[in-house]
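[1] okay, here's the prediction I keep looking at, along with the sequence it came from:
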Amino acid sequence: MDKFLKRKSTIDQSSSSVQENKVNDKENDPLKESHIQLEAILKDLLFDPTLRPKINHYHPNYRDAIQRFYLQKSCCQPRNHAFPLTKFGKGYRQFNPAWFGVYGDWLEHSVTKDAAFYLYCYLFRLAIISQAGLSFRGHDETKDLKNQGKFLGLLYFLAKHSEHFKSVVLKNALGNLKFIAPVIQKDIVNIVPNETIKAIIIDLGDDIFSVLIDESPDGSIKEQMTIAIRYVDKKGHVLEQFLGIVHVSDITAISINMALESLFCKHGLSLSRLRGQRHYRASNM
């Protein structure tokens, strides 16, 4: 048989298959694909503060690069723009472009909305506190105390290390615009989860999802339930996202269902897109 049929070398076959696998690996390299996507995002980033998507709108893997990009690109400062007059009471006011020279490293202006913005608030906000799950307020926020809580502590730290920041916050703030009162801090705490859930709903879009419910009584043994949704994002990743804790009068099926519908209605979710439910410690379901 060897006279008529030439044997193929097994070494050649194995080497060729290895080369093909290497070529396929290069073509399907997830790091290369991610880098290409990031370059496309950076190329299309908007300069006007009003038109920019929020930082949490972007994938977590890209946020650091986007923040660095905006820091290196400098602020949106249309110095030659003819700023319009706006009526305030009996007089008219307009944005003063001379402020760009005074607060050049953080002050921005949106031509679209005719409004001023703070670059660092857009990039970082209070992510340091909220992402770490730390409390904002201290036990005692008296002026002379060294430990006044995380929120005031961060403000003092920024003021100490930035002359521009120091000139507009705390005792140097205009009038009563310090925004450090307990009510203001509570408003900030409430804004953080609302913005987070809004980003989750946007990521979900009009796709179907399932819901996960668990019993979570607090220290006073009040009935509560934690609610999360499970869905597949646009990249094919299975995600479980926490929506919140809801108080219920009891753990009957009717009460749980009413609380679930109320939460869905609040965030614009439809039961028609619900494809599955999983309940922990809820035998009556």
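    Yep, it's here.

[2] which residues in this structure form strands?
    86-88, 91-93, 107-110, 115-118, 209-215, 224-232, 238-247, 274-280 (DSSP state E).

[3] closest one to W99 among those?
    strand 107-110 (5.8 Å; C-beta to C-beta). Heads up, the C-betas are built off the backbone N, CA and C, glycines and all.

[4] list the strands paired with the closest one, with their directions.
    Looking at strand 107-110 with DSSP bridges, its partner strands are strand 115-118 (antiparallel).

[5] which residues touch the partner strand?
    Applying C-beta atoms under 8 Å, 6 or more residues apart in numbering, the external contacts of strand 115-118 come out as P49, T50, C76, F95, W99, W106, L107, E108, H109, S110.

[6] just name the most buried of the strands of the chain.
    Highest mean neighbour count of the strands of the chain: strand 107-110, a mean of 21 (counted as mean count of other C-beta atoms under 10 Å).

[7] just the C-alpha atoms of it, please, in PDB.
    This file holds the C-alpha atoms of strand 107-110, laid out as PDB (Å, rounded to 0.1, in the frame of the first residue of the first chain):
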ATOM      1  CA  LEU A 107     -14.700  74.800  35.900                       C
ATOM      2  CA  GLU A 108     -16.700  73.800  32.800                       C
ATOM      3  CA  HIS A 109     -19.500  75.400  30.800                       C
ATOM      4  CA  SER A 110     -22.200  73.800  28.600                       C
END
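
[8] so what's the gap between it and the chain middle?
    Averaging C-alpha positions (C-alpha atoms, centre = their mean, to the nearest Å) puts strand 107-110 21 Å from its chain's average.

[9] and for stretch 256-270?
    Put simply, stretch 256-270 sits 23 Å off its chain's centre (C-alpha atoms, centre = their mean).

[10] can you list contacts of that stretch?
    Stretch 256-270 is contacted from outside by 197, 201, 209, 211, 213, 225, 227, 229, 243-244, 246-248, 271, 279, 282, 285, using C-beta under 8 Å, 6+ apart.

[11] could you rerun that using 6 Å?
    Here stretch 256-270 makes contact (C-beta atoms under 6 Å, 6 or more residues apart in numbering) with I201, I227, V246, V248.
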